[in-house]
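S.K.: I'll drop the sequence and a predicted model, then ask my questions.
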Amino acid sequence: MTADAAPDLSGFTGFSSSAQAMSLVAFSAVATLTLLLCVMAGPDRDDLDEFYTGYGSLSPLRNGLAIAGDYISAATVLGTSGVIALCGYDGVVLALSTALSLMLLMFLLAEPLRNAGRFTMGDALARRMPGRCVRITACAVTIASLLPMMLVQLAGTGQLMAFILGFSNESLKTGCVVGLGALMISYAAIGGMKGTALIQILKIVMLVGSGAVVAVLILRRFDWDPGALFDAAARQSGAGPAFLHSGLEFAGHRGARLDMITSELTIVLGGACLPHITMRMYTASSARQVRRSLSWAVSIVALFVLVITVIGFGATALVGRGAIAAADPQGNTAYLLGSRAAFGAGVSTAETFLFTMVTTAIFLTLLASVAGMILACANSLAHDVFAARVQEMPARREMTLARLSALAIGVPTILLATLVQTYSLQPLVTLSFCLGASALAPALVYGLFWRRYTRSGLMGTLLGGSLTVMLLMPGTNLVSGSPVSAFPHAHFNWFPFTTTGIVSIPAGFFFGWLGTVVSGRRKAEEQRRQYEAVEGWILAGAVRRSG
């Protein structure tokens with residue numbers, strides 16, 4: 001059973017048709033400009049390093065901006081700000097978990113990942129255990145972990161356009177999904193790593209800049225007193241002091257505190273290991289550049305966490321939790337509602353222009369997020385599956401395959417997005433993070449740091465962790481059993497948690513250990529010797545192979 005179609009939300013914006021026309025013009029201009037940037041920045045010759053990594057030519061600041069741009073997806077902007085607006089304190093903890101996830105990547109995985117890999121997740125995992133089965137499985141898990149997130153971003157495009165431009169026709173929403181999906185495929189196929197990086201940089205500058213201005217306007221409404229803002233939000237939430245304390249988001253769930261802890265752990269582990277984030281490690285020219293790039297990225301993400309915290313609480317304080325929930329039960333419009341409410345009743349031309357900047361930044365976030373994910377999937381499909389079939393594939397042919405792979409990934413994604421856009425898509429976001437935390441995170445930790453880890457252990461981690469997530473996810477609270485679930489009128493939530501992490505994360509590590517033990521002592525010793533031979537350059541970058 002499908003959820004009700006999204007209501008016409010244009011009245012909440014309070015803007016005239018001329019202001020909506022301004023947004024449409026801005027969207028068209030941004031789409032044209034970013035496509036032009038991709039054409040200009042794309043590889044001009046058949047060079048795999050240029051297409052896959054951009055030669056590592058980005059400075060630490062620009063690479064940090066690109067990493068932050070890939071990390072802050074539209075699901076983060078709209079979904080996390082919505083949880084803050086509806087659940088208060090729990091939403092802030094969720095936002096902080098996203099920043100903590102990037103710090104985990106910086107301190108634990110970034111340098112060994114860059115040293116071990118070259119282009120894709122499959123490179124890093126197959127460095128110690130070469131073989132087509134490892135690469136194909138890594139590609140399958142890469143696509144499985146990013147496809148749900150891509151569906152959420154694309155399906156949300158039609159809802160965003162309807163919200164801003166004031167239309168409710170389902171055919172127009174579907175047309176937006178198809179048109180923008182084609183644009184995102186073009187970004188990945190034409191621009192490669194450097195082209196998508198430029199889009200991410202433009203997106204994060206616009207997003208953080210416009211959001212910071214809105215946050216300042218909201219604080220000014222409360223005489224620069226954050227305490228007054230929080231108190232007003234608590235009053236308008238309908239939950240009173242509970243809005244400022246832990247537990248509101250998971251109230252009514254069995255084992256609410258355990259559910260909350262597991263959800264945060266899933267975000268921390270999963271967000272750090274998703275392939276479109278880890279591929280940015282290969283765009284740095286050295287381990288020192290990786291550290292500096294991630295330092296910039298963590299700082300930018302932390303700043304954005306502050307911004308969405310102020311805007312989320314501001315939306316509740318100025319609009320009211322009831323109005324936000326009426327506009328969207330999951331609060332995905334809270335960021336826009338809070339931005340609009342920051343201007344007050346009378347909106348000047350300058351404020352209309354600023355709101356247009358906010359909506360354009362979110363629009364660009366949708367474009368850039370999906371383009372980066374399509375590129376990660378296409379790179380893995382071309383490099384780990386097709387190019388690995390032959391000993392030495394010509395660069396021209398592999399680049400052609402990578403571009404065709406972007407089309408092969410993008411077209412089914414567009415078709416699926418048009419089919420699921422009327423459902424609650426929160427389970428898909430959670431599915432991506434659960435796969436990252438339960439399959440990719442254990443595989444990377446074991447593969448980069450455990451000397452005796454064998455190929456059977458790696459396959460057990462990737463397949464066992466992924467299958468555990470797939471089996472448990474249909475039984476979670478996000479799929480059925482609550483008004484905001486994908487199937488609100490059904491009740492088959494036999495696994496009464498929001499994520500699968502409480503079982504699937506330990507399962508991923510367990511299957512890796514079990515597969516290694518089953519391989520036998522001889523295989524484990526062989527792997528230990530092979531690992532010790534390359535341990536210096538994996539952990540310290542003492543040597544870096546070019547192939």
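M.R.: Structure's in. What do you need? The structure displayed is predicted, hence computed values, not measured ones. Numbering: from 1, shown residues only.
S.K.: below-threshold pLDDT in the stretch 251-400 of the chain: ranges please.
M.R.: Applying pLDDT under 70 to the stretch 251-400 of the chain flags the ranges 251-254, 344-348, 391.
S.K.: hey, where'd the strands end up in it?
M.R.: With DSSP state E, counting those that start in this stretch, there are no strands along the stretch 251-400 of the chain.
S.K.: now the helices: where do they sit in the stretch 101-250 of the chain?
M.R.: For the stretch 101-250 of the chain, helices defined by DSSP state H, counting those that start in this stretch occupy the ranges 110-116, 121-126, 132-165, 170-186, 192-221, 226-237.
S.K.: just want the most central residue of the protein.
M.R.: The centre of the chain sits closest to Ser73, judged by C-alpha atoms, centre = their mean, with a distance of 4.7 Å.
S.K.: phi, psi of that residue?
M.R.: Note on Ser73: backbone dihedrals following degrees, to the nearest 10 are phi -90, psi 170.
S.K.: do you know which of the helices of the stretch 101-250 of the chain lies nearest Ala490?
M.R.: Smallest distance to Ala490 across those (C-beta to C-beta): 19.7 Å, for helix 132-165. Glycine gets a C-beta too; all of them are placed from N, C-alpha and C.
S.K.: can you tell me which residues contact Ala486?
M.R.: By C-beta atoms under 8 Å, 6 or more residues apart in numbering, Ala486 lies in contact with 3, 423-427, 478-480.
S.K.: closest one of those to Met149?
M.R.: When the contacts of Ala486 are compared for distance to Met149 (C-beta to C-beta), Leu425 wins out at 9.7 Å.
S.K.: would you confirm that the closest one contacts Gln153?
M.R.: No - judged on C-beta atoms under 8 Å, Leu425 makes no contact with Gln153 at a distance of 9.4 Å.
S.K.: how many neighbours does Asp117 have?
M.R.: One thing to correct before we go on: residue 117 is Gly, not Asp. Gly117: 22 surrounding residues under other C-beta atoms under 10 Å.
S.K.: over to the one 4 residues further on?
M.R.: The local packing of Met121 (other C-beta under 10 Å) involves 28 other residues.
S.K.: and the gap between it and Arg452?
M.R.: Distance, Met121 to Arg452, using C-beta to C-beta, to the nearest Å: 22 Å.
S.K.: closest one to Pro488 among the helices of the stretch 101-250 of the chain?
M.R.: The nearest among the helices of the stretch 101-250 of the chain, by C-beta to C-beta, is helix 132-165 at 17.5 Å.
S.K.: per-residue confidence at Ala85?
M.R.: Ala85 is assigned 90 on the pLDDT scale.
S.K.: now do Asn493
M.R.: pLDDT for Asn493: 81.
S.K.: contacting residues for the closest residue to it other than its chain neighbours?
M.R.: Using C-beta to C-beta, 6 or more residues apart in numbering and skipping residues adjacent in sequence, the residue nearest Asn493 is Gly481, 3.6 Å away. Neighbouring residues of Gly481 by C-beta under 8 Å, 6+ apart: 490-493.
S.K.: who wins for neighbours among the residues you listed?
M.R.: Asn493 (20 neighbours).
S.K.: what ranges does the stretch 301-450 of the chain have for its helices?
M.R.: 321-327, 334-341, 349-380, 395-420, 426-435, 441-449.
S.K.: quick one on the thing from earlier: measure the residue nearest to the centre of the chain to Thr98 for me?
M.R.: Applying C-beta to C-beta, the value for Ser73 to Thr98 is 10 Å.
S.K.: any idea which helix or strand comes after the worst-scoring helix or strand of the chain on mean pLDDT?
M.R.: Ranked by mean pLDDT, DSSP states H and E, the weakest helix or strand in the chain is helix 10-13, scoring a mean of 42. Per DSSP states H and E, the first helix or strand lying C-terminal to helix 10-13 is helix 17-41.
S.K.: which strands or helices does that next one pack on?
M.R.: Applying 3 or more C-beta pairs under 8 Å, 6 or more residues apart in numbering; DSSP states H and E, one finds that helix 17-41 contacts helix 132-165, helix 170-186, helix 192-221, helix 349-380.
S.K.: circling back to that earlier point, out of the helices of the stretch 101-250 of the chain, deepest packed?
M.R.: Among these, ranked by average contacts under mean count of other C-beta atoms under 10 Å, first place goes to helix 121-126 (a mean of 26).
S.K.: let me know the pLDDT of the residue lying closest to Ser145 once chain neighbours are set aside.
M.R.: Leaving out its chain neighbours, the residue that sits closest to Ser145 by C-beta to C-beta, 6+ apart is Leu435, at 4.0 Å. Per-residue pLDDT puts Leu435 at 95.
S.K.: ditto for the one 5 residues further on
M.R.: Listed pLDDT for Leu440 reads 93.
S.K.: could you verify my assumption that it touches Thr137?
M.R.: No - using C-beta under 8 Å, Leu440 makes no contact with Thr137, being 11.3 Å away.
S.K.: what is in contact with these two at once?
M.R.: With C-beta under 8 Å, 6+ apart as the test, Leu440 and Thr137 both reach Leu462.
S.K.: about what we covered before: tell me which of the helices and strands packed on helix 17-41 sits nearest to Ala323.
M.R.: helix 132-165 (13.8 Å).
S.K.: measure Leu472 to Arg403 for me?
M.R.: 36 Å.
S.K.: more neighbours: which of the two?
M.R.: Each of Leu472 and Arg403 has its neighbours counted (other C-beta under 10 Å); Leu472 has more, 21 against 18.
S.K.: need the pLDDT of that one.
M.R.: On pLDDT, Leu472 comes in at 94.
S.K.: count of residues packed around the closest residue to it other than its chain neighbours?
M.R.: Leaving aside its sequence neighbours, Leu472 sits nearest to Thr500 (C-beta to C-beta, 6+ apart; 4.0 Å). By other C-beta under 10 Å, the residues close to Thr500 number 29.
S.K.: I'd say Thr500 and Met473 touch.
M.R.: Yes - using C-beta under 8 Å, Thr500 and Met473 qualify as a contacting pair, with a distance of 5.7 Å.
S.K.: quick check: neighbours shared by those two?
M.R.: Common neighbours of Thr500 and Met473 (C-beta under 8 Å, 6+ apart) are Cys434.
S.K.: so who does the residue lying closest to the residue nearest to the centre of the chain once chain neighbours are set aside touch?
M.R.: Nearest residue to Ser73 in three dimensions, chain neighbours excluded: Ser369, at 4.1 Å (C-beta to C-beta, 6+ apart). Listed by C-beta under 8 Å, 6+ apart, the contact partners of Ser369 are 70, 73-75, 149, 153.
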